[in-house]
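A.B. asks: my questions concern the predicted model and sequence given below.
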Amino acid sequence: MGLGVSLTNALSGMGTSQDALAVLSRNVSNAGTPGYHRQSLSVIDTNGVNSTFARSGGVERAFNQSLQAYYTSTTSDSSYADTRASILDQLQTYLGKPGDAGSLDTMYSSLTNALQALGTSPDNYATRASFISQAQAMVGTLNGLTNDVQGLRQQTETEMSSSVDTLNQAITALAKVNGRLGDQNGDQNGDQASRAALMDQRDRLVSQVSEIVDVQASYRTDGTVSLMTRTGVGILDVKASTFNFEPAGALTADKLANTDSSKSNVGKLTLTTPSGLSIDLVQQRALQSGKLAALVELRDTTLVNAQSHLDEIAAGLAQAFSTVTTEGTAASAGAQNGFSLDLGSIRDGNDFTIAVTKGGADKTIHVMRVDDPTKLPLDYTDANGERVVGLDFSGGASAVAAKLSSILGAGFTASGSGSTLTVLDDGAAGTTDVTALTSHATASALQNGDAGFSLFVDRGNADFTGSLSGKGQTQGFAGRISINSAVLADNKLLVQYQAGGSLGDSMRADYVLNQLQSLGFASTQSGAADSGTFRLGGTVGDMIAQTMDHTGSISAAATSDSDTQQLAMDTLTTRMDSEYSVNVDEEMSRLMELQNAYAANSRIISAVQDLMKRLMDL
Amino acid sequence: MTTINRSMYPVQTSMNLISRMQQQFATLQTQLGTGQKASSLAEMGTDRYQDLTLRARLGRIEGYQNNMTMVGVRLDLLNKVMGQFDTSESDARSGIAAGAYGSSNINFGTAPTTAQSRLDEVLTLLNTDVDGRYLFGGSKTDKPPVGTMSTILDGVNGKAGFKQVASERLAADTGDGLGRLTLSSATNTATLKEDGIHPFGFKLSTVTASNLSSVTPMVTSGPPKQFDVAFATQPQDGDTISIGLTLPDGTSSTVVLTATTGTPGAGQFQVGADTTGTATNFTAALQGSLTALGQTDLAVASNYAAADNFFNGQGQTQMRVAGPNFATATSLAAADPTTTVAWYSGADSAAPRSAVSSKIDDNSTVNYGVQANESGTLALVKSLATLSIQNFSTSDSTSGARFDAVAARNGQRLSETHNSEDGSIELVTVQLGTAQATVNNVKTQQTAYKAQLESMLSDIETIPAEDVTMQLLALQTRLQASYQTTSMIANLSLVNYLK
């Protein structure tokens, strides 16, 4: 052992102190840098031939893989909840708070009030005009809400588009980072500090990706990362896949997603793998969480439902005004009793109901006229729990009767001649009864003596009959509903149900008011896809209340979900803070230690030098 | 290089808490400011549906209350007008009394004039409107239901008014002066016969003789009806023969002729030399009596009959004598609206009250339709119009008798005995009063219900100010404490103490 050993030891000590200072200064300078992971220097005791000294073992970066995985999945969920909450919050704002001027229920309530006033003063021009202006306001509200909802759908596509751009950039950048991290011979391989910086960048990019799509990250030993969705679709392994989004242009209420991609009218979200394979992420249901999943769900389900609720309100409103109810006339044959009904006035989409008793049980069946053969067979239970059957009426009443017989089953006799349908019970046996046969037809003219009239019409002043043909008249009706131009031109038509009738006759106003208060509607069901969604049923007022309640509650649920996720995120951030972040106090105290160590080492060197000098002077 | 997302800038949890407290603070302030618990649909929570239901009910009640205010105004006015009609009716009834010609027969002039101004008033009242809505036209509320007095009486634009219709009827009823009867005598028999089958003039009803041994009246029921008065023997002085006649308005009159051996006065016939002479004298006397009656009672009755034809009531058609030639007319025909003034052009419903109704509650409806052609107002208009067209003058010897005939009919037609009839002014007033009471009851109920609903709504929607203030204070304390400790901790860094 000689002085040389002491000198070597002191020098190695100074060396590690310098290294440690370098790490420390980096920590302090990056204390505020987002995504910076605290680094530390490991110091190794080295036993030399005749000495023991310290040397720097390498820079370690604080990293906890399970915490990181949890963080990645929480980021996806939080972003999913956040996206839904923000869009649904907009939606509920559009509907308005109950009682606010311009909210859907206030508009409806003003409309019925104007109608009540019309019933009391049908002869007053101002009353009629104010009813028309209320009706216009109602129509305007429905049109406006449709625009709002479709605007939100449009917004989801725009956001999808920009999210996909961000996503592709992040994945490309991540692939580059992967490349540099994995390159064993890379110039930076020796430079621990820049490697740590690359890993910081890697983690930042992973969380950026996870915010948009839900990913699982697998970290390899060389520091590279591979990404796949939770459903197992690979996004990044060695090479990066590319997300593509083809927007569909302006979205309208009748542009809907379809499981058959050739019939789908919305923007297409695909993933192209490095090998060139293209996967439709929406059709394959590959996305479960993250911003994109939320946007897809909003665009294809939540907002479409909101629109269909508005459409049903509009349809209910139009039909409450235009439906002419005709009771069947009593008919009998021998001991058999029942009713006859003229089907002539029933239009495409209109229906007649038949109420029967069989073995003591009451049953009501709605028979709807369906002109579009592709919509048949149609047989479902509506939101009010009543059976709806669609039939082709083109074969006249006898064809309807034949089908009705098989629907009603044994114990009933249905027959038809011309346009008259007759349904009779089983007569003397007395096990069945026909209690009512009623048609609900859309009024065909404004002044043919019917109290019902088409105040609210479809585009081109066409009557709204609820036809299922094509896409169905109800779809998007809230956006097309308008006031009959003939009534706008002459508001006396609100009162005069026949030409030259008395203006003081409140029959039409009373009838419509009664219809609004009593006529029940039920959500239609066009396919199995609808089952399980919230369906409306009841009067127009009920449907409005249900829609507002439903929208309010899904929005509140989404906000509360988002808050919960935010809380989880907060907890996680605190954990990550304590694991990764730089504690300046800690660094400062270490600085003092290092200063002292450095000073002590240099003191040793100067002492050794002193001793050496003494030795030399001898 | 890339945009760095929010999750990469983690805000310290303590700071996060502070910002959340600030948001809460702002929310509480908004609540205190607006008095509302929630500021959006989503925030309303589980109360949302109840709130919507309550608001829908409140909205309906508001509509009904507006209706009731409107209906209330109409009912008030209707009641006032009906009261006015009642006064007019009693004034009209007492306006003319048999024999009350006044000094110098002044009432000959004033009675028709007063009737005219009363008619004018009644017609004006029947055209009462509230804000353009006519109240006496049943469900036809957009046009004045009755014409003006001059139109109705004098006609307009070539259309005949009441005066013309009445004069035509008078011509038809008078015929050649005998009230559409023919009178002849042959040997000992005087024959009185209706001149055809028609509703005009005198209608023979009864014939009686006090001394049946002398006179045997014989009735051929026809139609046309015929009375044969055959003198089998000469009548005694004082024997009477009565002929009962029905007048066009349904009233009846009797001509009594007394046999006299002296010079015959009015209502007497002289017993002639033989039965043939007596028959001739009887015929002449009857001619005189019938002619006199034709100028008085028949004329007045004809006017009233014309009023019954012209002023058609509920479900009736306006009728007019088919002619010309009116003096020989044999039938009435439905009046052509292009040539005859229609006095009433409102709606004609058998149940006028329920023809106009207003919904004042989910389950109650108030009926308040009134038609000018209902029996009460119709009788008033008829009587006033008939009196208005009378022309009494002192120089006309028939004036007194006509005045009395009008007075008798006027009193009978406007008598209080009609009060219990459907559509009488009194009954309509009672029915409207019931409607008004219904409105008031429902209004009271609804006001109470509304208050209840509003208090429920306010329980849901409004915040208890004390609670919010307390929460604000508590939050303020916490927030202040948080600020203070946060700032203290932030200052507490080793960096500050290193020299």
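C.D. replies: Noted; the coordinates are in hand.
A.B. asks: and the worst-scoring helix or strand of chain A on mean pLDDT, which strands flank it?
C.D. replies: The weakest-scoring helix or strand in chain A, judged by mean pLDDT, DSSP states H and E, is strand A:52-61 (a mean of 77). Applying DSSP bridges, strand A:52-61 is found paired with strand A:39-47 (antiparallel).
A.B. asks: contacts for the partner strand, please.
C.D. replies: Contacts to strand A:39-47, defined as C-beta atoms under 8 Å, 6 or more residues apart in numbering or on different chains, come from residues A:12, A:16, A:19-20, A:23, A:26-27, A:52-62, A:193, A:196. Where C-beta positions appear, they are placed from N, C-alpha and C, glycine not excepted.
A.B. asks: go again using 10 Å as the cut-off
C.D. replies: Residues from elsewhere that reach strand A:39-47 (C-beta atoms under 10 Å, 6 or more residues apart in numbering or on different chains): A:12-13, A:16-17, A:19-24, A:26-27, A:30, A:52-62, A:192-193, A:196-197, A:200, A:582, A:590.
A.B. asks: so what's the residue count around residue 446?
C.D. replies: If you meant another chain, say so; for now it's chain A. When neighbours are counted by other C-beta atoms under 10 Å in any protein chain shown, residue A:446 registers 20.
A.B. asks: oops, chain B please
C.D. replies: Residue B:446 - counted by other C-beta under 10 Å - has 19 other residues nearby.
A.B. asks: could you verify that it is part of a helix?
C.D. replies: Yes. Under DSSP: H, G, I helix; E, B strand; the rest coil, residue B:446 falls within a helix.
A.B. asks: tell me the contacts of it?
C.D. replies: B:60-62, B:64-65, B:68, B:360-361, B:453.
A.B. asks: what of residue B:159?
C.D. replies: By C-beta under 10 Å, 6+ apart, the contact set of residue B:159 is B:147, B:151, B:335-342.
A.B. asks: which residue packs closest to it, ignoring adjacent ones?
C.D. replies: Closest residue to residue B:159 apart from its sequence neighbours, by C-beta to C-beta, 6 or more residues apart in numbering or on different chains: residue B:341 at 4.7 Å.
A.B. asks: please apply the same query to residue A:546.
C.D. replies: Residue nearest to residue A:546 in three dimensions, not counting chain neighbours: residue A:536, with 5.1 Å by C-beta to C-beta, 6+ apart.
A.B. asks: repeat for residue B:151
C.D. replies: residue B:341 (5.6 Å).
A.B. asks: next SSE after the helix or strand where residue A:180 lies?
C.D. replies: Element membership for residue A:180, per DSSP states H and E: helix A:125-182. As assigned by DSSP H and E, the chain's next helix or strand after helix A:125-182 is helix A:192-212.
A.B. asks: does that following helix reach chain B?
C.D. replies: Yes. Helix A:192-212 is in contact with chain B by C-beta under 10 Å from any C-beta of the partner chain, via A:201, A:203-205, A:207-212.
A.B. asks: the helix or strand following that helix pairs with which strands?
C.D. replies: Counting by DSSP H and E, the element after helix A:192-212 in chain order, helix or strand, is strand A:215-219. Note on strand A:215-219: by DSSP bridges, its sheet partners are strand A:225-229 (antiparallel).
A.B. asks: tell me what angle the strand it pairs with forms with helix A:125-182.
C.D. replies: Angle, strand A:225-229 to helix A:125-182, by axes from the mean of the first three to the mean of the last three C-alpha atoms, to 10 degrees: 150 degrees.
A.B. asks: mind listing the residues bridging to the closest residue to residue A:379 other than its chain neighbours?
C.D. replies: Spatial nearest neighbour of residue A:379, chain neighbours left out: residue A:389 (5.2 Å); criterion: C-beta to C-beta, 6+ apart. As for beta bridges, residue A:389 partners with residue A:367, residue A:379 under DSSP bridges.
A.B. asks: so what's the residue count around residue 28?
C.D. replies: If you meant another chain, say so; for now it's chain A. Number of residues near residue A:28 (other C-beta under 10 Å) recorded here: 15.
A.B. asks: that's the other chain; I wanted chain B
C.D. replies: 20.
A.B. asks: give me the pLDDT for it.
C.D. replies: In this model, residue B:28 is scored at 89, pLDDT.
A.B. asks: show me the helices in the chain, by range?
C.D. replies: Looking at chain A here, since you left the chain open. Secondary structure of chain A by DSSP state H: the helices cover A:3-29, A:65-95, A:104-120, A:125-182, A:192-212, A:290-297, A:303-322, A:396-408, A:477-480, A:485-489, A:507-518, A:540-580, A:584-617.
A.B. asks: hmm, I had chain B in mind actually
C.D. replies: Under the criterion DSSP H, helices of chain B are mapped to B:13-34, B:48-94, B:106-126, B:149-154, B:162-174, B:275-295, B:297-310, B:352-355, B:375-388, B:399-413, B:425-461, B:465-491.
A.B. asks: mean pLDDT for the ones you listed: which is lowest?
C.D. replies: helix B:13-34 (a mean of 83).
A.B. asks: list the buried residues of that one.
C.D. replies: By neighbour count on 16 or more other C-beta atoms under 10 Å in any protein chain shown, the buried set for helix B:13-34 is B:16-18, B:21, B:25, B:27-28, B:31.
A.B. asks: kindly report the same for stretch A:134-151.
C.D. replies: The neighbour-count check on stretch A:134-151 (16+ other C-beta under 10 Å) flags A:134-135, A:137-143, A:145-150 as buried.
A.B. asks: looking at those, spot the one nearest residue A:448.
C.D. replies: Taking C-beta to C-beta as the measure, residue A:448 lies nearest residue A:135 of the buried residues of stretch A:134-151, at 21.1 Å.
A.B. asks: from what I can see that closest one touches residue A:457, true?
C.D. replies: No. The pair residue A:135 / residue A:457 is not scored as a contact, 11.4 Å apart, by C-beta atoms under 10 Å.
A.B. asks: tell me, what's touching the two both at once?
C.D. replies: Listed contacts common to residue A:135 and residue A:457 are A:321, A:482-484, A:487; contacts here mean C-beta under 10 Å, 6+ apart.
A.B. asks: most neighbours of all those residues, which one?
C.D. replies: residue A:321 (27 neighbours).
A.B. asks: re earlier: surely the residue nearest to residue B:151 meets residue B:312?
C.D. replies: No. Taking contacts as C-beta under 10 Å, residue B:341 lies outside contact range of residue B:312: 11.8 Å.
A.B. asks: how many neighbours does residue 109 have?
C.D. replies: Just so you know, I chose chain A. Neighbour count for residue A:109, taken as other C-beta under 10 Å: 24.
A.B. asks: actually it's chain B I care about, not the one you picked
C.D. replies: Neighbours of residue B:109 using other C-beta under 10 Å come to 15.
A.B. asks: which one is it nearest to, not counting chain neighbours?
C.D. replies: The shortest distance from residue B:109 to any non-neighbouring residue, by C-beta to C-beta, 6+ apart, is to residue B:392 (7.2 Å).
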